[in-house]
Every structure is written in structure tokens, then in C-alpha cells.
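1. Predicted structure and sequence below. I'll ask about it afterward.
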Amino acid sequence: MAGTRKTSPQEPFGIPLATAPMEARSAETLPEGQGWLYEPKWDGFRCLAFKAGDEVELRAKSGKPLGRYFPEVVAFLRSLEADHFVLDGELVIEIDGRLSFDALQMRLHPAESRIRKLAAATPARLILFDMLYAPGAGALLARSLVERRAELESFASAFLKTPGATLSSSTEDRDEAERWLGEAGQGATDGVVAKRLDEGYASGERTMVKVKRLRTADCVIGGFRYESGGPLVGSLLLGLYDDEGRLNHVGFTSTISNAERPELTRRLEALREPPGFTGRAPGGPSRWSTERSADWQPLRPELVVEVRFDHVTGDRFRHGTKLLRWRPDKSPRQCGMEQISSS
């Protein structure tokens, strides 16, 4: 009909699609005292989900649209009987009983036909932990977390009848949260998030607290990369031996002080010798791959360092690691994959 148009998801309740999710600041320990709600820090893509009538939008923490990459989640939300809502949660994909961050990343760039195939084979779901607009209650941003959580639980009870979305665990018991933290770093979660029960939804502000479980591993330096455009070492490429005796690339560390770079560069250049890694080598698919991913120098596997890391996925360190110390007392062959393998 002339003069009609689709309803945009942000219009009915004044919450723009560009709304930034509430964020967290890092801490080494969980906050103590009363008034905190603790939740697992899920290993997925943060997502705000908007629905108005038949219109559904998924937005990443960056503000970019995600709906194209997760059509099954869009279809699920569209199918819910609730007409208007805004949810805050984490997009996850489960494979063989474990959440897979790599499977999420595979969604981001392929053609639509490939996305549809992946969506059917490995469907994503939303793990929900907050609500910005609730059916019957309206906008919740100014409401306390106690009120928002109650609305979210009511929403989940009324509308989430199939596994396209689930409610995140939560607790006010710090001891239970500490147990969650001890189990983090392998699989579904990579830490714990703490939120004040009496505070509103602070869009874009780091009012939550996140704590990650940090662990250490002794790794062989199988290679290095120079600084971009410079003659000095920029990062060390880390390796661990598998049961077949192959040295696999598992990540990197770049926490090298400027003062030690010249001497370290000379030391590493004296050890240059292929192949460096005899199993999985740099340059293959990884979340830190760049156009320079194949530009690395192989080393004889003689040097060992101890590094600190927070999360493992696909038998690799998810993020860059922190170099703690050199381990001249450690034999490279003592540096095995069992240090980071799932248990």
C-alpha cells in the first residue's frame, strides 16, 4: 500500500541500533562484598539482538550488523511470539559438545551459499545475560540489574521453548564464581564477569568487571618475525611438541622490551635454520594471520621460554601471550602439547 514502510527495529522503543553494549574492565580477582552478580564469560561473539514485528537485527560490539552471517538466529528470533525486544548476549556455536570460536569465525566472510550450509550444519545460538527492552515493561536501560534480570528470566520462561537461545547461568555466590573461574580457559568460558545488582545498563561504559584465568606454559621458540619495516625482532613464535614428536606452532609473544631487542635479535639470527616447525607452521589459518603471516624466520629448536596465557582454542593460544622468563634449565623436548590440551 502506498505510504507504508517497514518498521525499523529501533523505532518503537527509542533504542538505536547503534547502541553500544555495556562493557567490562579487567581485574586480577573477583570483587568481594555484597551486591554483585557473577556470570560466566562466554567464548563467543557479543551481540545485541533487536526485534520489532518481523524485523530482526543482530549487532556486534563494534556496531556492525551480524544478521547476514547468522541467518538461523535471525529466523529463530523472528519466530518468537514476542513482537518487540532488545536482548544482550553471546553468539556461540557448539560442536561435539564444546563451544567452537573457530566455527564462529568461519561465518564472517564466505558467500551466502556457504553461510547457509554452515548454518544448517553447525547452527549458532544466543546465550542471553541482559535485556534492554522487554515486552510489557518497555525500555530497561535505567532499571537496576535486579529488575532487568527478572524481566529476562520472565522472557526466557515465556518464549524460549526451543534451543535457539538459552539463559546464561548467574550467581551471587562468590565461591561458586571462583569455581567457574577455575574451570575457565578451555572450552565454553574464558573467565567470569561481575556486575552490580543495583546499577542500570551503562551503554558503552566499562562498569562491569571481568576476570580471566591465567595459566603458564613452557614453549620452544621455533621462529621469529622482525618488527614491521625494521631490523629488530618483533615477536617470538611459540611451539609445542605433539605425541609424534612434531613441533607445532601454537602462538606468539611480543612482550619484548626495547632494551633487549638488539641483543636478542643477534642471538636469534645466529640460530636461523629451517624448518623451525615440523608440524603445524605459521602462515596457516589462525585468528592472528595477516598479510605478513608467512614472513617469518625459522630457528633451531633450542630456546625455551615460559609464557602466560588466558585461553586456548583449536590447540592454539587465542591471544598473544606474555613472556615471563627464559628457561635455559628446560629441555625443548619437555615442552609438550599436554600443557594446553583439553582435559
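-> Cool, the structure landed.

2. mind listing what's buried in stretch 57-71?
-> In terms of neighbour count (16 or more other C-beta atoms under 10 Å), stretch 57-71 has its buried residues at 57-60, 66-67, 69-71. Every residue, glycine included, has its C-beta placed from N, CA and C.

3. Filter those down to just the ones in helices.
-> residue 71 (DSSP state H).

4. So which of the buried residues of stretch 57-71 sit within strands?
-> Applying DSSP state E to the buried residues of stretch 57-71, the entries found in strands are 57-60.

5. Past the top helix by length along the chain, which element shows up next along the chain?
-> As far as residue count goes, and with DSSP H defining each element, the longest helix of the chain is helix 145-159. Remark: after helix 145-159, the chain's next helix or strand is strand 165-167, criterion DSSP states H and E.

6. Pull the residues that contact the helix or strand just after that following strand.
-> Following the chain from strand 165-167 toward its C-terminal end, the next helix or strand by DSSP H and E is helix 174-183. The set of residues external to helix 174-183 that reach it, using C-beta atoms under 8 Å, 6 or more residues apart in numbering, is 30, 32, 36, 38, 40, 169, 171, 189, 191-192, 194, 211, 213.

7. that older thread, any chance of the ones in strands among the buried residues of stretch 57-71 in CSV with distance to residue 44 as columns?
-> Compiled in CSV, those are given as follows (distance: C-beta to C-beta, whole Å):
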residue, distance to residue 44
57, 18
58, 12
59, 14
60, 11
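
8. just for the stretch 151-300 of the chain, where's the confidence low?
-> The model of the stretch 151-300 of the chain has pLDDT under 70 over residues 185-188, 284-294.

9. Now do the helices in it.
-> 174-183, 261-269 (DSSP state H, counting those that start in this stretch).

10. and the shortest one, what does it pack onto?
-> Other helices and strands packing on helix 261-269, by 3 or more C-beta pairs under 8 Å, 6 or more residues apart in numbering; DSSP states H and E, are strand 233-241.

11. Make sure residue 24 is actually in contact with residue 202.
-> No. Between residue 24 and residue 202 there is no contact, the gap being 10.8 Å when judged by C-beta atoms under 8 Å.

12. So if I had to pick from the two, which one is more boxed in?
-> Counting neighbours by other C-beta atoms under 10 Å for residue 24 and for residue 202 shows that residue 24 has the greater number, 18 against 15.

13. Could you measure from that one over to residue 321?
-> Here the criterion is C-beta to C-beta, to the nearest Å. By it, residue 24 lies 21 Å from residue 321.

14. quick revisit: let me have the helices of the stretch 151-300 of the chain in a markdown table, extended by distance to residue 76 and mean neighbour count.
-> A markdown table is the format used below for those (distance: least, C-beta to C-beta, whole Å; neighbours: other C-beta atoms under 10 Å):
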| stretch | distance to residue 76 | mean neighbour count |
| --- | --- | --- |
| helix 174-183 | 27 | 15 |
| helix 261-269 | 51 | 15 |
